[in-house]
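>>> give me a 3D structure for the following:
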Amino acid sequence: MNVMVKPAAPELILTRDLRAPRERVFAAWTDVRLASSWWAPRDFTPLSCEMDVRPGGVWRRRMRAPDGALILKHGVYREVVAPERLVFTYITENAAGIVDPETLVSLSFVDLGDGRTRLTLWHTRFETESSRDDHRGGWTGCLERFARFVETD
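Numbers count the residues shown, from 1 in each chain. A predicted model of the protein is given here:
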């Protein structure tokens, strides 16, 4: 008997140790006033951010790419466990009207003591390695911007 095994979907895992307390790091992901300041990749301009942070609540943000194109990102919160875990769906719509398939982002916030937090971002359900790699660049720049934001007093 031949058994066909579907290869695992590409996934992205990024971890950052931050010099900020866990409650501050979590709040920066869940307070719309804070997220509006940083939630965009490096060199992108955040334009708007809406967040209804509860299971079933919707989030939406618009940004301008370096080339001037408008990008819309949106999704639905699946889990909100303050200040430990945040899970939401993730969809990108580009200026040409192309909508990427829905993916899933999970964030964990681990208290390392001494006012430090380990943030782990796990982005899954990519259909292709190329899509995962595109998001790696975006999330890497975004987390650099996030670290500067959250580590500033």
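
>>> check the gap between the nearest residue to residue 125 once chain neighbours are set aside and residue 141 for me.
Nearest residue to residue 125, sequence neighbours excluded (CB to CB, 6 or more residues apart in numbering): residue 103, at 4.5 Å. (C-beta placed from N, C-alpha, C; glycine too.) Separation of residue 103 from residue 141 (CB to CB, to the nearest Å): 18 Å.

>>> neighbour-wise, which of these two wins?
A count of neighbours by other CB atoms under 10 Å puts residue 103 above the other of residue 103 and residue 141, at 22 against 15.

>>> so what pairs up with the more buried one in the strands?
With DSSP bridges as the criterion, residue 103 is bridged to residue 90.

>>> distance between the ends of stretch 86-100?
Between the start and the finish of stretch 86-100 there is a gap of 21 Å, counting by CA to CA, to the nearest Å.

>>> now do it: everything it contacts.
Counting by CB atoms under 8 Å, 6 or more residues apart in numbering, the neighbours of stretch 86-100 from elsewhere in the structure are 26, 29-30, 59, 65, 69-80, 101-107, 109, 123, 131.

>>> now do stretch 13-33
Outside stretch 13-33, the residues that touch it by CB under 8 Å, 6+ apart are 34-35, 38, 49-51, 53, 80, 82-84, 86, 107, 109-112, 115-123, 136, 139-140, 143, 146-147, 149-151.

>>> any low-confidence regions in this protein?
Low-confidence regions of the chain, defined by pLDDT under 70, span residues 1-8, 153.

>>> strands of that one, residue ranges please.
Using DSSP state E, the strands found in the chain span residues 12-18, 45-51, 58-64, 70-81, 85-93, 103-113, 116-124.

>>> what sits against the residue nearest to residue 125?
By CB under 8 Å, 6+ apart, the contact set of residue 103 is 89-91, 123-126, 135.

>>> state the distance from it to residue 10.
Distance check for residue 103 against residue 10: by CB to CB, it reads 10 Å.

>>> what touches both of these two?
Both residue 103 and residue 10 are in contact with residue 126, where contact means CB under 8 Å, 6+ apart.

>>> partners of the nearest residue to residue 11 once chain neighbours are set aside in the sheet?
Distances taken as CB to CB, 6+ apart place residue 124 nearest to residue 11, at 4.5 Å, with adjacent residues excluded. According to DSSP bridges, residue 104 are recorded as the beta-bridge partners of residue 124.
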